[in-house]
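Visitor: structure for the following, please:
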Amino acid sequence: MPQHGQPADDPDATPGRPADEAPIPVPVPTPEVDPDEPPAVPSGKFGTPGRPLRRNSFLIGFTGAVGVLLAYTLYLGVRNAGGILVLVAIALFLAVGLNPAVVRLRGWKVPHGLAVAVVALTVVLLLCGGVVALVPPIVTQSGQFIDQLPSYVEELRRNPTVNDLVERFGLVERAQSAANADNVGRALGGVLGGAQLIFGTVFRTLTVLVLTIYFLAYFNRLRSLGYALVPRSRRERVQLIGDEILAKVGAYMVGALSIAVLAGATTFVFALVVGLPYPFALAVVVAVTDLIPQIGATLGAVIVSLVGFATDLPTGIACAVFFLIYQQVENYLIYPKVMRRSVEVNEVAALLAALLGVALLGVVGALIAIPTVAALQLILREVVLPRQETR
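Guide: Below is the predicted model:
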């Protein structure tokens, strides 16, 4: 008779084991899975996917060669577009420097579009003023030289010493041989090259101006887009450091423009006092060259002093003395006081940065050298050094 609670036909019931005890599970071996084997995918319209390519030396070498080729292609693209990239960098730098003026106008309840238009119109008027100041003296002096050239030649021909030198060295024959077709063609090519240089300069100036206006108009959007590319966990700190860098660049631009305007105004007053020709043009030259760190003020002083010596000797000496005194005042009183409030850069670092910037990008490199050093110094102090202390 079966026990109570146990079915008579229980197949799991074995002798010596209670009927209500669970059966012992038997381990089932799992099949080994090949890591290179693709997952089971049902055959579709285009068949069953095959196994992936195995890693071999040929595939690794081919992939590396493709990477090197792409890197070299990118290098060629950047090198060929280097001129445009430099113009974009200049426009960005100018937009960062002019944005505080837009912000100031916005604080006066001026609409954003109108504020950008006012700042851009001011820049255009300054450029036009510089062109008007520089071009007429050049044209006038060139015209006067061309008008007086026949009289200069006639005076040279009447000079016996000059005639003796012409005959001794055969200058007439050399001039005739130089006036052949090849040399005339080279001279014409030089003229065309000069015209191309002028038109290229005008094109680059207009490109920078247009890009600067666009960057000013969309400055806040571009800044927000740049911060949005940073992970959310670090976005706040990156935004604080980035805004501080932008503020330093803007303050540097304002300070440099203030110093340059002061140098130009002082030169204009001095030129009027001593009677230099074209005082406004000389003042513009000094203001523009004063924007170049370290060497700009000296370059402007040399130009004005040469004009002074061309006028007469006492005027040239007065120009040299004036700029010698003014540069000492600017270097040790004006410049440190203005720049201390904007960027805090070591003098040695500023000098090295200016020299390196001139070597890499010329005048443009010299202009952006100091704010770049200020930005790197801020990143070093706030990011790199604290991270080294935590290790």
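
Visitor: what's next to stretch 96-103, contact-wise?
Guide: Contacts with stretch 96-103, where a contact means C-beta atoms under 8 Å, 6 or more residues apart in numbering, come from 112, 115-116, 119, 123, 212, 216, 219, 246, 249-254. From N, CA and C alone the C-beta is placed, and that goes for glycine too.

Visitor: tell me which of those fall in strands.
Guide: In strands, judged by DSSP state E, none of the contacts of stretch 96-103 are found.

Visitor: CA atoms only: put stretch 240-257 into CSV for me.
Guide: Once non-C-alpha atoms are left out, stretch 240-257 reads as follows in CSV (Å, rounded to 0.1, in the frame of the first residue of the first chain):
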residue,chain,number,x,y,z
LEU,A,240,34.3,80.5,-14.5
ILE,A,241,37.9,80.1,-15.8
GLY,A,242,36.8,80.9,-19.4
ASP,A,243,35.0,84.0,-18.5
GLU,A,244,38.0,85.2,-16.5
ILE,A,245,40.2,84.6,-19.6
LEU,A,246,37.8,86.5,-21.8
ALA,A,247,37.7,89.4,-19.3
LYS,A,248,41.5,89.5,-19.2
VAL,A,249,41.8,89.6,-23.0
GLY,A,250,39.2,92.3,-23.2
ALA,A,251,40.9,94.4,-20.5
TYR,A,252,44.2,94.0,-22.3
MET,A,253,42.7,95.3,-25.5
VAL,A,254,41.1,98.3,-23.8
GLY,A,255,44.4,99.1,-22.0
ALA,A,256,46.5,98.7,-25.1
LEU,A,257,44.1,100.9,-27.1
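
Visitor: list the buried residues of that stretch.
Guide: Neighbour-count burial for stretch 240-257, counted by 16 or more other C-beta atoms under 10 Å, picks out 241-242, 245-246, 248-257.

Visitor: between those, which is nearest residue 80?
Guide: residue 249 (28.2 Å; C-beta to C-beta).

Visitor: tell me how far the closest one lies from residue 256.
Guide: 11 Å (C-beta to C-beta, to the nearest Å).

Visitor: how about residue 301?
Guide: Distance from residue 301 to residue 256, by C-beta to C-beta: 17 Å.

Visitor: any low-confidence regions in the stretch 101-250 of the chain?
Guide: Low-confidence segments of the stretch 101-250 of the chain, defined by pLDDT under 70: 138, 141-146, 148-150, 152-159, 161-163, 165-167, 169-195.

Visitor: would you list every one of the helices in it?
Guide: 112-158, 160-169, 171-178, 181-217, 219-228, 232-274 (DSSP state H, counting those that start in this stretch).

Visitor: now do residue 251, the pLDDT please.
Guide: Note on residue 251: pLDDT of 80.

Visitor: now the residue nearest the centre of the chain: which helix or strand?
Guide: The centre of the chain sits closest to residue 89, judged by C-alpha atoms, centre = their mean, with a distance of 3.2 Å. Element membership of residue 89, judged by DSSP states H and E, is helix 82-107.

Visitor: between helix 232-274 and that helix, find me the angle.
Guide: Going by axes from the mean of the first three to the mean of the last three C-alpha atoms, to 10 degrees, helix 82-107 is angled at 90 degrees with respect to helix 232-274.

Visitor: can you give the domain ranges for this protein?
Guide: The chain breaks down into these structural domains: 83-170+189-229, 232-391 (assignment by automatic domain parsing).

Visitor: pick the most deeply packed of those domains.
Guide: domain 232-391 (a mean of 17; mean count of other C-beta atoms under 10 Å).

Visitor: chain center to that domain, what's the gap?
Guide: 16 Å (C-alpha atoms, centre = their mean, to the nearest Å).

Visitor: can you give me the end-to-end span of it?
Guide: 24 Å (C-alpha to C-alpha, to the nearest Å).

Visitor: the strand or helix carrying residue 66: how far from the chain's middle?
Guide: Per DSSP H and E, residue 66 falls inside helix 57-80. Helix 57-80 sits 27 Å away from the centroid of its parent chain (C-alpha atoms, centre = their mean).

Visitor: quick one: mean pLDDT over that helix.
Guide: The model assigns helix 57-80 a mean pLDDT of 88.

Visitor: next, the angle from it to helix 82-107.
Guide: Helix 57-80 and helix 82-107 are oriented at 60 degrees to each other (the same axes, to 10 degrees).

Visitor: hey, C-alpha coordinates of helix 57-80 in CSV?
Guide: Output of helix 57-80 as CSV, limited to C-alpha atoms (Å, rounded to 0.1, in the frame of the first residue of the first chain):
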residue,chain,number,x,y,z
SER,A,57,49.5,42.2,-38.5
PHE,A,58,48.3,43.1,-42.0
LEU,A,59,45.1,44.7,-40.7
ILE,A,60,46.9,46.5,-37.9
GLY,A,61,49.5,47.9,-40.3
PHE,A,62,46.9,48.9,-42.8
THR,A,63,44.8,50.7,-40.2
GLY,A,64,48.0,52.5,-38.9
ALA,A,65,48.9,53.6,-42.5
VAL,A,66,45.4,54.9,-43.1
GLY,A,67,45.6,56.9,-39.8
VAL,A,68,49.0,58.4,-40.8
LEU,A,69,47.6,59.3,-44.2
LEU,A,70,44.6,61.0,-42.7
ALA,A,71,46.8,62.9,-40.3
TYR,A,72,49.0,64.1,-43.1
THR,A,73,45.9,65.1,-45.1
LEU,A,74,44.7,67.1,-42.1
TYR,A,75,48.1,68.8,-41.8
LEU,A,76,48.1,69.8,-45.5
GLY,A,77,44.6,71.2,-45.1
VAL,A,78,45.6,73.2,-42.1
ARG,A,79,48.7,74.5,-43.8
ASN,A,80,46.9,75.5,-47.0
